[in-house]
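Engineer: Make a model of this:
(one chain, ligands or ions: 1)
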Amino acid sequence: MTAPGLALVCYTFLLCVLVATILVKLKLKRSSASAVPAGPWKLPVIGHMHLLLGALPHHAMQRLSQLHGPVMLLRLGHVPTLVISSPEAAREVMKAHDAAFADRPMYATADIFTYGGENIAFARADSRHWKAVRKLCTGEAARLVGSVTAAFGTGPAPAVVNVSERVRAMMNDVIMMASVGDRCAQRDAYIVEMDKMLDLVSGFNLIDLFPASRLARLLGGGALRAAWEVRERIQCIMDAMIRDHEKAMDQREEGDVVAGHEKEDILTTLLRFQRGGGTGITLTNENVCGVMFDIFSAGSETTATTMIWAMSELIRNPRAMSAAQSEIRRVLHGKTTVAEADIDGRLHYLHMVIKETLRLHPPIPLLVPRLCTKPSKVMGYDVSPGTTVFVNVWAIGRDEGNWTDAKEFKPERFESEVVDYGGTNFRFLPGGAGRRMCPGIMFGVYNIEIALASLLYHFDWKLPGDRSPEELDMTETYGITARRKTELFLEATPYATVQ
Ligand code: HEM
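Structural biologist: So this is what the prediction gives:
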């Protein structure tokens with residue numbers, strides 16, 4: 001070969017090597033880039049926080065995930081945040097990689113109220129007390145079901161009722177009765193402080209989004225101070241309740257039954273276990289207070305919110321209201337009260353109403369956040385340890401790809417859909433799924449069933465004045481649960497045949 005010919009071959013060879021190297025590099029770059037979940041452009045310091053401003057977080061996240069996909073990475077302040085918006089991706093987080101996502105991020109205010117994770121909801125999944133107390137809570141919830149009915153009286157209704165206020169008071173009563181008994185001197189003060197606590201634990205406070213920033217601590221310190229003050233007042237009330245319960249337990253051991261302590265409540269059960277009741281673990285005072293925090297916050301607020309949405313949807317959908325009332329009045333024909341034994345397993349339509357309400361209005365729309373603790377892959381994307389994970393069950397429940405006529409309230413859809421609360425169908429996750437799923441959801445659903453049955457059996461309901469059902473405002477408000485923005489005022493007419 002001539003010298004120019006050899007040079008040409010060499011140049012061609014080198015060119016090929018160069019092109020091949022560039023192509024391989026490009027391919028590698030593309031494949032490593034595609035392993036990071038997509039997300040919108042972010043700003044320095046605040047990341048994507050500005051995209052959540054002015055909207056409810058689950059609404060804003062739904063809108064963003066429609067653009068960036070069901071596995072989307074945001075940075076909220078300093079916190080890397082993965083948002084999951086499809087059943088397939090939810091299954092990967094809560095089933096395939098459940099162990100890697102079983103912890104919770106610890107927010108500054110939650111840290112105060114849970115005594116540093118000594119409760120159930122924010123405990124580390126590998127902590128000694130978590131499994132045992134969770135089991136206890138599940139058992140207690142099931143056992144207490146029978147004692148709930150008494151709280152739903154039938155007293156005469158005023159013409160116009162603030163249904164929101166009444167339902168919240170009713171659910172508070174049920175949870176208080178179940179957790180500390182029916183004669184607790186400081187009960188009202190406890191409810192007031194617990195309400196304040198719920199306002200403070202949002203997870204979107206400045207100090208939660210910039211956990212390491214001194215400036216955020218300075219600017220957001222008010223929330224922390226308020227949280228400590230509320231915790232101190234709750235602690236005083238709890239100490240008095242514990243003393244009262246311990247005294248009653250001592251007297252019971254001696255054969256006396258103290259008024260107000262005839263039935264065993266959750267606090268007594270926890271104290272009994274603390275005295276060596278055989279779970280194989282030791283419960284500290286902090287565990288006891290932390291679990292009481294869980295039961296009140298998780299138990300009362302979720303059930304009241306669901307119940308108020310159920311009433312709102314029934315008012316907006318007179319056909320569904322009429323079907324639910326006909327069934328209840330047929331099943332309870334001639335009865336003067338709604339008793340557990342009379343409705344047990346017989347209110348099929350009402351059950352579908354509750355499911356449909358939880359599909360459209362899951363009270364915790366982003367679930368309680370999870371924390372990624374091991375490098376994991378979700379739908380082929382890399383997720384790093386330290387990432388907070390929100391599962392947008394509200395968006396999953398309203399996605400036309402998952403449900404026909406997804407935005408409409410159609411309880412009948414559950415006639416053909418076999419879906420339960422066990423967290424196995426990832427299109428319907430009001431109580432979450434996997435090892436962190438809600439241990440009390442069946443107790444909650446039972447409370448809602450009895451309460452709704454009572455309201456619908458004893459009264460006919462309509463919007464005050466001549467307003468038509470479509471005029472009912474269905475806007476949600478921001479908070480630990482997705483409540484109605486406005487109070488639900490309805491006109492109640494006692495149902496004649498019960499008189
Ligand atoms: C309709 C009623 C209820 C709904 C929709 C509901 C929903 C939820 C959700 C979404 C979670 C987070 C699950 C996850 O991260 O995957 C949760 C956790 C929890 N719920 Fe419920 N809940 C309800 C009623 C109750 C009741 C009545 C109690 C107690 C008596 C309760 C106690 C708890 C506790 C202790 C946790 C934390 C579990 C853990 O982290 O291990 N819930 N709930």
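
Engineer: Next, count neighbours for K410.
Structural biologist: Counted by other CB atoms under 10 Å, the residues lying close to K410 total 17. For every residue, glycine as well, the C-beta is placed using N, CA and C.

Engineer: Am I right that it falls within a strand?
Structural biologist: No - judged by DSSP: H, G, I helix; E, B strand; the rest coil, K410 forms no part of a strand; its state is coil.

Engineer: Quick check, pLDDT for it.
Structural biologist: On pLDDT, K410 comes in at 98.

Engineer: Roughly how far does it sit from H78?
Structural biologist: K410 is 43 Å from H78, where distance means CB to CB, to the nearest Å.

Engineer: which parts of the stretch 301-450 of the chain sit against the ligand?
Structural biologist: 302-303, 306, 363-364, 367-368, 430-433, 436-441, 443-445 (CB under 6 Å from any ligand atom).

Engineer: For the residue nearest to R316 when sequence neighbours are not counted, give me phi and psi.
Structural biologist: Excluding the flanking residues, the one nearest R316 by CB to CB, 6 or more residues apart in numbering is P469, at 4.9 Å. Backbone geometry at P469, expressed as degrees, to the nearest 10, gives phi -50, psi -40.

Engineer: in the chain, which ranges drop under the pLDDT threshold?
Structural biologist: 1-34, 120-123, 127-158, 182-184, 202-203, 255-264, 277-281, 496-499 (pLDDT under 70).

Engineer: center of it - which residue?
Structural biologist: I364 (3.1 Å; CA atoms, centre = their mean).

Engineer: check contacts around it.
Structural biologist: When contacts are counted by CB atoms under 8 Å, 6 or more residues apart in numbering, I364 touches 302, 393, 430, 480-482.

Engineer: Could you do R225 as well?
Structural biologist: With CB under 8 Å, 6+ apart, R225 has no contacts at all.

Engineer: Can you get me a residue count around the residue nearest to R316?
Structural biologist: Around P469 there are 14 residues (other CB under 10 Å).

Engineer: quick one, what contacts it?
Structural biologist: 315-318, 463.

Engineer: Reformat those residues into TSV and put secondary structure, distance to A226 and neighbour count next to each item.
Structural biologist: Shown next, in TSV, are the contacts of P469 (DSSP: H, G, I helix; E, B strand; the rest coil; distance: CB to CB, whole Å; neighbours: other CB atoms under 10 Å):
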residue	secondary structure	distance to A226	neighbour count
I315	helix	36	20
R316	helix	37	17
N317	coil	40	19
P318	helix	44	12
L463	coil	37	18
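
Engineer: got these as TSV, with distance to E356 columns?
Structural biologist: Shown next, in TSV, are these (distance: CB to CB, whole Å):
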residue	distance to E356
I315	14
R316	12
N317	10
P318	15
L463	20
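
Engineer: of all these, which two lie farthest apart?
Structural biologist: N317 and L463 (12.8 Å; CB to CB).

Engineer: Bridge partners for L74, pull those for me.
Structural biologist: According to DSSP bridges, the residues that bridge with L74 are T81.

Engineer: List the residues that contact it.
Structural biologist: 39-40, 42, 47-48, 51, 61, 64, 80-83.

Engineer: any idea which of the contacts of I364 has the most stuff around it?
Structural biologist: V393 (28 neighbours).

Engineer: which residues sit in contact with that residue?
Structural biologist: By CB under 8 Å, 6+ apart, the neighbours of V393 are 90, 362, 364-367, 429-430, 432.

Engineer: and if we set it to 7 Å?
Structural biologist: 362, 365, 367, 429-430 (CB atoms under 7 Å, 6 or more residues apart in numbering).

Engineer: how far away is it from P365?
Structural biologist: In terms of CB to CB, V393 sits 6 Å off from P365.

Engineer: about what we covered before: would you mind listing which of the residues of the stretch 301-450 of the chain next to the ligand are buried?
Structural biologist: Buried by 16 or more other CB atoms under 10 Å: 302-303, 306, 363-364, 367-368, 430-433, 436-441, 443-445, out of these.

Engineer: Tell me which of these fall in helices.
Structural biologist: 302-303, 306, 441, 443-445 (DSSP state H).

Engineer: now, the most widely separated pair of those residues?
Structural biologist: Longest span within these, CB to CB: T306 and F443, 12.5 Å.

Engineer: Only the buried residues of whichever helix or strand A492 is part of, if you could.
Structural biologist: Using DSSP states H and E, A492 maps to strand 489-494. Residues of strand 489-494 classed as buried: 490-492 (neighbour count, 16+ other CB under 10 Å).

Engineer: got the CA coordinates for it in PDB?
Structural biologist: Provided in PDB are the C-alpha atoms of strand 489-494 (Å, rounded to 0.1, in the frame of the first residue of the first chain):
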ATOM      1  CA  PHE A 489     -74.600  23.300  56.500                       C
ATOM      2  CA  LEU A 490     -77.700  21.100  55.800                       C
ATOM      3  CA  GLU A 491     -81.400  21.200  56.600                       C
ATOM      4  CA  ALA A 492     -82.500  18.100  58.500                       C
ATOM      5  CA  THR A 493     -86.100  16.900  58.600                       C
ATOM      6  CA  PRO A 494     -86.800  14.000  61.000                       C
END
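
Engineer: Next one: Y381 from the ligand, what distance?
Structural biologist: Separation of Y381 from the ligand (CB to the nearest ligand atom, to the nearest Å): 20 Å.
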